[in-house]
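Peer 1: A structural model of the following input is requested.
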Amino acid sequence: MKPILALALLAAVAACDATPGGGASDEDHDPVAISLLDDGTIVLDDEEVTVAELSEALEDIEAARVVTIEMQPEVTYKAVDDVQKALIAAGVARVVVLTEL
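Peer 2: Below is the predicted model of the structure:
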(Lines give C-alpha, C1' and ligand atoms only; values in the text may rest on other atoms or scores of the structure.)
Protein backbone atom coordinates (compact mmCIF):
# COMPACT_ATOMS: atom_id res chain seq x y z
CA MET A 1 0.00 0.00 0.00
CA LYS A 2 2.90 2.38 0.70
CA PRO A 3 4.17 2.32 -2.93
CA ILE A 4 0.70 3.36 -4.16
CA LEU A 5 0.57 6.25 -1.68
CA ALA A 6 4.07 7.30 -2.70
CA LEU A 7 3.04 7.33 -6.38
CA ALA A 8 -0.09 9.33 -5.56
CA LEU A 9 1.99 11.86 -3.61
CA LEU A 10 4.52 12.10 -6.44
CA ALA A 11 1.71 12.67 -8.95
CA ALA A 12 0.18 15.39 -6.76
CA VAL A 13 3.51 17.19 -6.41
CA ALA A 14 4.18 16.96 -10.15
CA ALA A 15 0.72 18.38 -10.87
CA CYS A 16 1.44 21.37 -8.66
CA ASP A 17 4.54 22.17 -10.72
CA ALA A 18 2.68 21.89 -14.01
CA THR A 19 1.83 24.91 -16.11
CA PRO A 20 -1.93 25.63 -16.11
CA GLY A 21 -3.68 24.27 -19.17
CA GLY A 22 -1.60 21.14 -19.52
CA GLY A 23 1.76 22.84 -19.91
CA ALA A 24 1.03 24.51 -23.24
CA SER A 25 1.45 28.24 -23.59
CA ASP A 26 -0.99 30.42 -25.52
CA GLU A 27 1.57 30.54 -28.34
CA ASP A 28 1.36 26.75 -28.70
CA HIS A 29 -2.39 27.01 -29.40
CA ASP A 30 -2.12 29.59 -32.17
CA PRO A 31 -2.19 28.14 -35.67
CA VAL A 32 0.92 28.33 -37.80
CA ALA A 33 0.06 30.52 -40.81
CA ILE A 34 1.42 29.79 -44.29
CA SER A 35 0.54 31.97 -47.28
CA LEU A 36 1.10 30.96 -50.90
CA LEU A 37 1.24 33.91 -53.25
CA ASP A 38 0.53 33.92 -56.99
CA ASP A 39 4.22 34.60 -57.79
CA GLY A 40 5.35 31.43 -55.94
CA THR A 41 6.38 33.19 -52.73
CA ILE A 42 5.86 31.23 -49.50
CA VAL A 43 5.26 33.24 -46.33
CA LEU A 44 5.47 31.56 -42.91
CA ASP A 45 4.08 33.69 -40.07
CA ASP A 46 4.86 36.97 -41.91
CA GLU A 47 8.36 35.86 -43.01
CA GLU A 48 9.27 34.88 -46.57
CA VAL A 49 10.81 31.38 -46.72
CA THR A 50 11.90 28.79 -49.26
CA VAL A 51 10.42 25.28 -49.38
CA ALA A 52 13.53 23.88 -47.64
CA GLU A 53 13.32 26.52 -44.89
CA LEU A 54 9.60 25.79 -44.49
CA SER A 55 10.23 22.11 -43.92
CA GLU A 56 12.93 22.85 -41.32
CA ALA A 57 10.76 25.39 -39.50
CA LEU A 58 7.78 23.04 -39.35
CA GLU A 59 9.83 20.20 -37.85
CA ASP A 60 10.02 22.17 -34.59
CA ILE A 61 6.25 22.47 -34.10
CA GLU A 62 4.09 19.90 -32.36
CA ALA A 63 2.03 17.64 -34.64
CA ALA A 64 -1.10 18.67 -32.71
CA ARG A 65 -0.81 22.33 -33.78
CA VAL A 66 -2.95 23.46 -36.67
CA VAL A 67 -1.30 24.79 -39.81
CA THR A 68 -3.38 27.13 -41.95
CA ILE A 69 -2.55 27.62 -45.61
CA GLU A 70 -4.00 30.65 -47.37
CA MET A 71 -3.64 30.61 -51.14
CA GLN A 72 -4.14 33.30 -53.71
CA PRO A 73 -6.32 32.25 -56.69
CA GLU A 74 -3.54 31.80 -59.28
CA VAL A 75 -1.13 29.65 -57.23
CA THR A 76 0.37 26.86 -59.34
CA TYR A 77 -0.15 23.19 -58.59
CA LYS A 78 3.62 22.77 -58.22
CA ALA A 79 3.75 25.37 -55.42
CA VAL A 80 0.92 23.61 -53.58
CA ASP A 81 2.60 20.22 -54.10
CA ASP A 82 5.94 21.54 -52.77
CA VAL A 83 4.28 22.87 -49.61
CA GLN A 84 2.32 19.64 -49.16
CA LYS A 85 5.57 17.63 -49.35
CA ALA A 86 7.19 19.95 -46.78
CA LEU A 87 4.22 19.43 -44.42
CA ILE A 88 4.44 15.66 -44.79
CA ALA A 89 8.21 15.66 -44.24
CA ALA A 90 7.77 17.71 -41.07
CA GLY A 91 5.07 15.37 -39.73
CA VAL A 92 2.31 17.98 -39.69
CA ALA A 93 -1.06 16.29 -39.18
CA ARG A 94 -3.62 19.12 -38.92
CA VAL A 95 -3.94 21.40 -41.94
CA VAL A 96 -6.65 23.88 -42.90
CA VAL A 97 -6.60 25.29 -46.44
CA LEU A 98 -8.17 28.70 -47.05
CA THR A 99 -8.92 29.80 -50.62
CA GLU A 100 -10.92 32.52 -52.26
CA LEU A 101 -14.02 31.47 -54.18
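
Peer 1: quick one, helices of this protein?
Peer 2: For the chain, the helices defined by DSSP state H occupy 2-17, 26-29, 51-59, 77-90.

Peer 1: OK, contacts around the nearest residue in space to Pro31 that is not next to it in sequence?
Peer 2: The shortest distance from Pro31 to any non-neighbouring residue, by CB to CB, 6 or more residues apart in numbering, is to Val66 (4.2 Å). Yep, even glycine has a C-beta here, placed from its N, CA and C like the rest. Going by CB atoms under 8 Å, 6 or more residues apart in numbering, Val66 touches Pro31, Val32, Arg94, Val95, Val96.

Peer 1: how about Val66: which residues does it bridge to?
Peer 2: Arg94 (DSSP bridges).

Peer 1: take the contacts of Val66 and lay them out in a markdown table including neighbour count and pLDDT.
Peer 2: Shown next, in a markdown table, are the contacts of Val66 (neighbours: other CB atoms under 10 Å; pLDDT from 0 to 100):
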| residue | neighbour count | pLDDT |
| --- | --- | --- |
| Pro31 | 13 | 88 |
| Val32 | 17 | 91 |
| Arg94 | 14 | 87 |
| Val95 | 16 | 90 |
| Val96 | 10 | 90 |
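
Peer 1: of those residues, closest to Ala52?
Peer 2: Val32 (16.8 Å; CB to CB).

Peer 1: so what's the residue sitting nearest the centre point of the chain scoring on pLDDT?
Peer 2: Compute the mean C-alpha point of the chain, and by CA atoms, centre = their mean the closest residue is Arg65, 4.0 Å away. At Arg65, the pLDDT value in this model is 85.
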